[in-house]
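Trainee: the following comprises the amino acid sequence and a computationally predicted model.
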Amino acid sequence: MRQHSLTLVFCALCCVFLTTGCWDMRELNTRALVISSAIDVSDNGLVVLTDQFANPSALGHNLEKPADRFFTMSETGKTVLQAAQVLQTRLPRYIFIGHRRNIFIGQATAEHGLQEILDEFTRAPDSRIRTDLSIVKGARGSDVLKIPSQVEKLPSIAALKSRTVVGGGQPGSTFVDFLMSASSKTSCPTLPLVEIQSRPDDYASEIGDEQLRFAGRAVFDKHLHMVGTINYMETVYRFWEVGSLTHQTLAVSIPKTDQYVSVYVNHLKSKLVPKLQNRHLTVSVYLSGDGRIGENNAKLDLMKEASRLQVQTALDNQIASDVSRLIRRVQNEYHTDIFRFDRACQMRYPLLFPRLSDAWPEIFSNATVHVYVDVHIKTVGEAGLPLHQHVEM
């Protein structure tokens with residue numbers, strides 16, 4: 001019995017000594033927290049890394065100047081990692097990228113190609129896979145990090161939220177989606193496109209003459225070179241087509257008039273039906289949703305079924321025309337499948353599709369696409385005629 005007790009004690013002591021602790025733990029006050037980064041390429045081909053850090057002295061304080069809540073630092077190097085190492089020599093704290101939310105890339109850098117500069121972000125263990133990548137239209141990525149926000153404490157958070165609230169995709173998804181499309185032999189990736197605008201006459205002038213806005217998506221080829229852009233409304237339709245949009249408000253033009261009706265559309269759904277025949281692709285795109293009249297500036301009594309059907313038909317035709325025009329433009333100008341036609345074909349023709357992957361850019365560019373839209377308007381509000389019609393009466 002005594003020997004058994006000694007054995008238990010010995011095993012317990014061994015467990016205590018063998019238990020590992022956080023020997024390499026670093027306290028928060030020894031870290032420099034990177035909130036956002038920017039990547040550019042200089043004229044001589046060097047990588048310019050700009051990091052935006054949270055100001056430790058500003059944590060927990062409401063500073064009057066938004067710019068005091070953060071600071072930025074830049075360094076150059078032959079690679080991203082070398083630039084980061086040079087930047088580390090200027091800081092008394094360890095650079096920590098685990099909290100980074102955004103990476104901004106200048107348009108010129110994106111057009112030059114992202115194959116080399118993105119490798120570090122996929123290999124670094126501290127780099128978050130749910131980081132957002134954005135392309136800065138007509139400017140450098142570092143220019144975004146210098147723009148303070150009137151609403152958010154950090155500019156990078158403001159850029160992330162502004163893209164999300166207008167239907168520009170879920171936060172933390174762009175890097176994952178980009179890698180998935182880039183690793184495919186047929187799909188081509190896209191990234192959010194942001195633009196710096198001068199707004200000296202509005203509220204932003206109190207903190208600066210520039211503000212950031214979501215401008216659409218940047219389109220890339222299979223070599224990860226930026227080949228073009230699609231604007232905001234084209235991005236909305238593309239998100240609907242790929243099944244990533246939940247709601248949107250659309251202004252419907254009433255035929256043969258200069259009048260509009262605003263319709264809030266939700267419960268959005270999409271379906272792709274591909275058909276391959278002799279290496280020619282035909283895709284039927286079905287878009288559907290529920291509509292609610294939010295604004296009536298037309299001379300229509302929406303309590304009448306004929307008026308509702310008129311708006312519904314105009315809405316369906318307008319969406320079908322816009323989506324068809326977008327797909328044709330991407331086919332003719334960019335030759336990049338950003339609409340996931342390849343995935344629909346792979347699901348329907350699992351044995352045939354692998355033999356077509358090498359020729360997919362040509363197949364996609366020559367594909368015949370039919371768009372069918374069915375948005376059912378369910379509610380029109382409490383008034384039939386618009387307010388201005390009641391006033392006239």
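Mentor: Here it is on my side, so go on.
Trainee: three-state assignment of Val273?
Mentor: strand (DSSP: H, G, I helix; E, B strand; the rest coil).
Trainee: show me where this protein has its helices.
Mentor: 2-18, 80-88, 107-112, 119-123, 141-144, 155-165, 174-183, 232-241, 305-329, 341-348, 360-365, 387-392 (DSSP state H).
Trainee: from the chain's centre, how far out does the second one sit?
Mentor: The one in question is helix 80-88. Relative to its chain's centre, helix 80-88 lies at 27 Å (C-alpha atoms, centre = their mean, to the nearest Å).
Trainee: how about that helix: buried residues?
Mentor: If you call a residue buried by 16 or more other C-beta atoms under 10 Å, then helix 80-88 has these buried ones: Val80, Gln82, Ala83, Ala84, Leu87. (Glycine included, C-beta is placed from N, CA and C.)
Trainee: without its sequence neighbours, what residue ends up closest to the second one?
Mentor: Pointing back at Gln82 there. Val47 (7.7 Å; C-beta to C-beta, 6 or more residues apart in numbering).
Trainee: OK, contacts around the one you found?
Mentor: Ile39, Asp40, Val41, Thr76, Gly77, Lys78, Thr79, Val80, Gln82, Ala83, Ile117 (C-beta atoms under 8 Å, 6 or more residues apart in numbering).
Trainee: picking that back up, mean pLDDT lowest where, among the helices of the chain?
Mentor: Among those, helix 387-392 carries the lowest mean pLDDT, at a mean of 50.
Trainee: count of neighbours near Ser74?
Mentor: Residues lying near Ser74 (other C-beta atoms under 10 Å) number 15.
Trainee: just give the nearest non-adjacent residue to it, would you?
Mentor: Thr50 (4.2 Å).
Trainee: surely that neighbour meets Val144?
Mentor: No: judged on C-beta atoms under 8 Å, Thr50 makes no contact with Val144 at a distance of 9.3 Å.
Trainee: who touches both of the two?
Mentor: Ala38.
Trainee: ok, back up a step: and Tyr260, which of the helices of the chain is closest to it?
Mentor: For Tyr260, the closest of these is helix 305-329, at 9.8 Å, according to C-beta to C-beta.
Trainee: tell me which residues of the closest one are tucked away?
Mentor: Of the residues in helix 305-329, those buried (16+ other C-beta under 10 Å) are 307-308, 310-312, 314-316, 318-320, 322-323, 326-327.
Trainee: next: stretch 254-269.
Mentor: Result for stretch 254-269 [16+ other C-beta under 10 Å]: buried residues Ile254, Tyr260, Val261, Val263, Tyr264, Val265, Leu268.
Trainee: the last one is in contact with Ile319, isn't it?
Mentor: Spelled out, it's Leu268. No: between Leu268 and Ile319 there is no contact under C-beta under 8 Å: 10.7 Å.
Trainee: list the residues that contact both of these two?
Mentor: Common neighbours of Leu268 and Ile319 (C-beta under 8 Å, 6+ apart) are Leu287.
Trainee: how deep is Leu33 tucked in, by neighbour count?
Mentor: 20.
Trainee: ok, the one 10 residues further on next?
Mentor: The burial count assigned to Asp43 is 6, neighbours taken as other C-beta under 10 Å.
Trainee: same thing with Val48?
Mentor: Val48: 20 neighbours (other C-beta under 10 Å).
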